[in-house]
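Trainee: Everything below, folded, please.
(one chain, ligands or ions: 2)
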Amino acid sequence: MSDIPSISDQAILGARGPKNRVDPNLPYAWLVEPEPTASGNVEDVATVFLTNRECPYRCLFCDLWKNTTDERVVAGAIPRQIDYALARLPPARHIKLYNSGNFFDRQAIPYEDYSDIAHRVARFHTVIVENHPALCGAGCLEFRDLLKAGAKRQIPEREERGMPYSSDVRGEQAPQLEIAMGLETVHPDVLPRLNKRMTLNDFTRAGEFLSQNDIAARAFVLLKPPFMVEDECVDWALRSVEFAFDCGVRICCVIPTRSGNGILDRLAAEGDFAPPRLASLEAMLERGIALARGRVLVDLWDIERLFQCPHCGLRRAERLRHMNLSQRILPPIDCDCA
Ligand code: SF4
Ligand SMILES: [Zn+2]
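Mentor: Ligands and ions are numbered 1, 2, ... in the order given. Okay, here's the model as predicted:
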């Protein structure tokens with residue numbers, strides 16, 4: 001890998017293609033998928049991909065800007081988006097409100113909507129939002145408290161409507177707020193070059209703050225970010241996962257770094273980036289689960305891009321899916337290509 005300096009915001013913006021067309025009154029996607037819980041069960045998690053203003057950070061690897069608006073959405077739009085998605089999704093016990101940025105960035109999610117949002121999701125067991133470690137502060141505590149208040153409001157409303165309490169309703173108990181933060185990597189040379197404007201101390205402080213305030217944390221870790229060679233990528237991802245658990249994180253999601261945001265495609269052409277091999281993702285999940293420190297998942301979105309053999313790709317992906325859910329290491333897939 002060449003020894004190039006950090007890449008500027010301008011260069012990152014300049015390499016981008018066009019955004020997708022989005023409607024500020026509609027989420028841009030919604031789905032329900034299973035996830036392992038801390039207690040060892042597998043439960044359904046709804047994810048609502050909220051349409052809102054683009055994140056002001058310019059992380060080198062990020063492609064979330066593609067489904068964002070240029071301007072802040074009007075007050076009321078986010079609760080409407082949540083209503084729209086929930087009306088179309090099957091029941092789930094947990095919900096992710098992912099906004100392609102930072103939930104507690106007030107230019108992203110209007111502050112005046114916090115209460116209406118909390119009320120809409122107070123019946124879930126866990127409410128998971130994304131946030132940059134530098135933005136973990138008073139807003140998180142306010143939203144946590146609004147979830148508690150929202151849970152209390154659910155009881156008379158359900159009684160009025162003659163709705164019995166079912167297993168997907170927590171009753172008086174407020175949802176557990178969980179904040180998902182990007183750690184990306186603990187590699188001392190690579191992290192500063194990702195343009196995330198975060199140090200490991202920032203992440204540690206955010207983890208402590210959340211633990212002290214009864215807010216759960218999850219971390220995103222990149223497998224093979226730019227400027228990293230294949231032979232080292234599993235070790236660094238594993239060290240990053242261990243660091244996240246040391247900071248109080250309960251679940252780590254490891255994401256194979258993907259091109260497609262413009263700047264990573266340029267770095268790929270220059271030899272400073274290549275996606276990880278499927279074998280590295282497999283090794284990462286095996287070693288992450290073997291740590292037995294907390295849940296470790298690998299992100300399987302668009303996994304087909306990592307297939308190298310027409311005979312075993314699907315079976316390998318299926319094995320990873322089962323390992324994600326069971327948190328157990330399954331026998332490797334046999335194939336002549338190995
Ligand atoms: S903070 Fe998150 S959403 Fe914002 S640019 Fe970085 S990775 Fe993307
Ligand atoms: Zn094969």
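
Trainee: From now on I want contacts and neighbour counts done on CA atoms only, so please keep to that.
Mentor: Fine.

Trainee: any chance you could map the helices in the stretch 201-338 of the chain?
Mentor: Ranges of helices in the stretch 201-338 of the chain, per DSSP state H, counting those that start in this stretch, are 230-246, 263-269, 278-291, 313-326.

Trainee: again, but for the stretch 1-150 of the chain
Mentor: Using DSSP H, counting those that start in this stretch, the helices found in the stretch 1-150 of the chain span residues 9-14, 77-88, 114-121, 138-160.

Trainee: Residue 62 is nearest to which of these?
Mentor: Relative to residue 62, the nearest member of the helices of the stretch 1-150 of the chain by C-alpha to C-alpha is helix 9-14, separated by 9.8 Å.

Trainee: close to ligand 1, is that closest one?
Mentor: No - residues of helix 9-14 contacting ligand 1 under C-alpha under 6 Å from any ligand atom: none, with a closest distance of 10.4 Å.

Trainee: what distance separates that helix from the middle of the whole chain?
Mentor: Averaging C-alpha positions (C-alpha atoms, centre = their mean, to the nearest Å) puts helix 9-14 24 Å from its chain's average.

Trainee: which of the helices of the stretch 1-150 of the chain sits most buried?
Mentor: helix 114-121 (a mean of 20; mean count of other C-alpha atoms under 10 Å).

Trainee: Thought residue 78 was touching residue 25, still the case?
Mentor: Yes - at 7.4 Å, residue 25 counts as touching residue 78 under the criterion of C-alpha atoms under 8 Å.

Trainee: Can you pull the residues that touch both of these two?
Mentor: Common contacts of residue 25 and residue 78 (C-alpha atoms under 8 Å, 6 or more residues apart in numbering): residue 51.

Trainee: hang on, the earlier thing: tabulate the helices of the stretch 201-338 of the chain (JSON lines), appending distance to ligand 1, mean neighbour count and mean pLDDT.
Mentor: Output for these, formatted as JSON lines (distance: least, C-alpha to the nearest ligand atom, whole Å; neighbours: other C-alpha atoms under 10 Å; pLDDT from 0 to 100):
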{"stretch": "helix 230-246", "distance to ligand 1": "16", "mean neighbour count": "20", "mean pLDDT": "98"}
{"stretch": "helix 263-269", "distance to ligand 1": "13", "mean neighbour count": "18", "mean pLDDT": "98"}
{"stretch": "helix 278-291", "distance to ligand 1": "20", "mean neighbour count": "19", "mean pLDDT": "98"}
{"stretch": "helix 313-326", "distance to ligand 1": "23", "mean neighbour count": "18", "mean pLDDT": "98"}
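
Trainee: List the buried residues of stretch 207-225.
Mentor: 207-210, 215-225 (16 or more other C-alpha atoms under 10 Å).

Trainee: So it, near ligand 1 or not?
Mentor: No - using C-alpha under 6 Å from any ligand atom, stretch 207-225 stays clear of ligand 1, with a minimum separation of 9.5 Å.
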